[in-house]
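Peer 1: Test case, fold it:
(4 chains)
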There are 2 protein chains.
Amino acid sequence: MLVLQIDLASTVPAYEQIASRLRALLVDEKVVAGQQLPTVRELALDLGVHHNTVAEAYRQLAAEGWVDLRRGRGATVLARRLPAPTRKAHARFTQALEELIARGVAEGLPRGGVAAELEQRALKLRNGARE
Amino acid sequence: MLVLQIDLASTVPAYEQIASRLRALLVDEKVVAGQQLPTVRELALDLGVHHNTVAEAYRQLAAEGWVDLRRGRGATVLARRLPAPTRKAHARFTQALEELIARGVAEGLPRGGVAAELEQRALKLRNGARE
DNA sequence: TCGCTTTGTATAGTGTCTGTGTACAAAGGA
DNA sequence: TCCTTTGTACACAGACACTATACAAAGCGA
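Peer 2: I've put the predicted structure just below:
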């Protein structure tokens, strides 16, 4: 039931890690419209952070239109329409990808291995969300 | 001569953006051993930040073995041997890639376009550093 | 309906981080 | 030797991340 993990030692803020992981699950349709996310307190306990930290992550997802957030009721996943892509979003993606690859190579990951990973992801995108 | 830009409005710290951009250039061999990076004050002026901010980025690169940093002399690019890849580095890469793709798709970038971009990068990695 | 529980929200406090100002120290050149 | 160049050290201000605690809305059982 929605096992996710974050790295408390990372410099990336916990709430951002949580939002990123959940967003990946949502885009992958591992979690779909109608489902409930765990309550902020549940997930917070699970991850070892304060429930306000999880709440911040949920608010981020709510702002992006992924979930409906109401007290007493929890976080419900919504059917979300894709926004129109912006030039800026595309530029950010391209640059971030370049920097991510560079970091991987700089850390010693073999270029071929990185390439294979990229191709694998590309294939998955082409074949739709199904595994 | 080494035009790079950062986004001062971004939540990502300026010094980290600078280090990331430079690391990408280094991995790509757009800058090679023996060359000089601009002085911290030069680059700082260019980017609109304080020279200490650039210095922090340079220190990060120096810690990774990319440059030799000495006062009075500037930052010289080194011949750097790739470190042995760790399991952790690989895991971080995979996860970051997944989250990056998810963010792109969430922002409306067409899956096919993202896939194409990944494949293009993979190809470039396979063909060596040359364009 | 009433009262309790559940669940997200608001606010304040604390420690850390980011970026800047300013002074300093090492290297090099005239 | 003296001046300039260049990275470094340190202190400060503001912003940020996370937590503690109290609050408000929704739901549920009697």
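Peer 1: What residues does chain A have near DNA strand D?
Peer 2: Residues of chain A lying close to DNA strand D (Cβ under 7 Å from any atom of the strand) are A:13-16, A:48-53, A:56, A:70-73. All C-beta atoms are positioned from the backbone trio N, CA, C, and that covers glycine.
Peer 1: Closest one to DNA strand C out of those residues, please.
Peer 2: A:Arg71 (3.2 Å; Cβ to the nearest atom of the strand).
Peer 1: number of nearby residues for the closest one?
Peer 2: 5 (other Cβ atoms under 10 Å in any protein chain shown).
Peer 1: For it, give me the pLDDT.
Peer 2: With respect to pLDDT, A:Arg71 scores 95.
Peer 1: just to revisit the earlier point, please pick the buried ones from the residues of chain A next to DNA strand D.
Peer 2: Among the residues of chain A next to DNA strand D, those classed as buried by 16 or more other Cβ atoms under 10 Å in any protein chain shown are A:Ala14, A:Tyr15, A:Glu16, A:Val49, A:Thr53, A:Glu56.
Peer 1: Just the residues of chain A next to DNA strand D: which are in helices?
Peer 2: Members of the residues of chain A next to DNA strand D lying in helices (criterion: DSSP state H): A:Ala14, A:Tyr15, A:Glu16, A:His51, A:Asn52, A:Thr53, A:Glu56.
Peer 1: In chain A, where is pLDDT below threshold?
Peer 2: A:129-131 (pLDDT under 70).
Peer 1: The ones in helices among the residues of chain A next to DNA strand D: which ones sit near DNA strand C?
Peer 2: The subset of those within reach of DNA strand C, by Cβ under 7 Å from any atom of the strand, is A:His51, A:Asn52.
Peer 1: Which two among the ones in helices among the residues of chain A next to DNA strand D are spaced furthest apart?
Peer 2: Spatially, the most separated pair among these is A:Glu16 and A:His51, at 16.4 Å (Cβ to Cβ).
Peer 1: Run through the residues that contact A:Ser20.
Peer 2: Listed by Cβ atoms under 8 Å, 6 or more residues apart in numbering or on different chains, the contact set of A:Ser20 reads B:Glu99, B:Ala102, B:Arg103.
Peer 1: before we move on, the earlier item: including distance to B:Pro110, could the ones in helices among the residues of chain A next to DNA strand D go into a markdown table?
Peer 2: Listed next are those as a markdown table, based on distance: Cβ to Cβ, whole Å:
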| residue | distance to B:Pro110 |
| --- | --- |
| A:Ala14 | 31 |
| A:Tyr15 | 29 |
| A:Glu16 | 25 |
| A:His51 | 37 |
| A:Asn52 | 36 |
| A:Thr53 | 33 |
| A:Glu56 | 30 |
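Peer 1: How about the residues of chain A by DNA strand C?
Peer 2: Counting by Cβ under 7 Å from any atom of the strand, chain A sits next to DNA strand C at A:11, A:37, A:39-42, A:51-52, A:55, A:58-59, A:62, A:69-75.
Peer 1: got the buried residues for stretch A:55-67?
Peer 2: Neighbour-count burial for stretch A:55-67, counted by 16+ other Cβ under 10 Å, picks out A:Ala55, A:Glu56, A:Ala57, A:Tyr58, A:Arg59, A:Gln60, A:Leu61, A:Ala62, A:Glu64, A:Trp66, A:Val67.
Peer 1: of these, closest to DNA strand D?
Peer 2: For these, the residue nearest DNA strand D by Cβ to the nearest atom of the strand is A:Glu56; the value is 7.0 Å.
Peer 1: Quick check: strands, which of the contacts of A:Ser20 are part of them?
Peer 2: Among those, none falls in strands (DSSP state E).
Peer 1: List just the nearest of these to DNA strand C.
Peer 2: Nearest member of the contacts of A:Ser20 to DNA strand C, counting by Cβ to the nearest atom of the strand, is B:Glu99, at 18.9 Å.
Peer 1: Next one: the residue nearest to that closest one when sequence neighbours are not counted relative to DNA strand C, how far apart?
Peer 2: Leaving out its chain neighbours, the residue that sits closest to B:Glu99 by Cβ to Cβ, 6 or more residues apart in numbering or on different chains is A:Ser20, at 4.3 Å. Separation of A:Ser20 from DNA strand C (Cβ to the nearest atom of the strand, to the nearest Å): 17 Å.
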